[in-house]
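> All I have is the shape, not the residue letters:
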């Protein structure tokens, strides 16, 4: 138990630091999340259709991907 407590405390401090960074720079945090989603989805049907592998910023994403309704993309 003594070993587990410092590990959990360290993890909590790291997580708190990350949350504080998100709070200070929400636009950067949103860009980071968008890039993670685009990277993870680049091999999906939608990702291939809209060339997610070539989208590296918000502007490119907005230009390449139209707004969809759920019924437009559901199987």
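Okay, I see it. Predicted model, so just to flag it, every value in this text is computed and none were measured. Numbering: from 1, shown residues only.
> Flag every buried residue along stretch 61-75.
Of the residues in stretch 61-75, 61, 65 count as buried by neighbour count, 16 or more other C-beta atoms under 10 Å. Every residue, glycine included, has its C-beta placed from N, CA and C.
> Straight-line length of it, end to end?
Taking C-alpha to C-alpha, to the nearest Å, stretch 61-75 runs 23 Å from one end to the other.
> For that stretch, which outside residues touch it?
Residues from elsewhere that reach stretch 61-75 (C-beta atoms under 8 Å, 6 or more residues apart in numbering): 34, 38, 46, 50-51, 54-55.
> Return the subset of the residues you listed lying in strands.
Among the contacts of stretch 61-75, no residue falls in strands (DSSP state E).
> so where do the strands sit in the chain?
Using DSSP E, strands in the chain do not occur.
> on that earlier part again, filter the contacts of stretch 61-75 down to just the buried residues.
38, 50, 55.
> center of this structure, which residue is that?
Central residue of the chain (C-alpha atoms, centre = their mean): residue 33, 2.0 Å from the mean position.
> any idea how far that residue is from residue 54?
Distance of residue 33 to residue 54, given as C-beta to C-beta, to the nearest Å: 19 Å.
> and if you look at residue 13?
Counting by C-beta to C-beta, the gap from residue 13 to residue 54 is 38 Å.
> Same check on residue 63?
11 Å.
> Run through the chain and note the low-pLDDT ranges.
Across the chain, the ranges flagged by pLDDT under 70 are 1-4.
> Helices along that one, start to end?
Ranges of helices within the chain are 4-24, 26-41, 45-49, 58-64, 70-73, based on DSSP state H.
> Please list all residues in contact with residue 8.
Per C-beta under 8 Å, 6+ apart, neighbours of residue 8: none.
> And for residue 20?
Not one residue lies near residue 20 by C-beta under 8 Å, 6+ apart.
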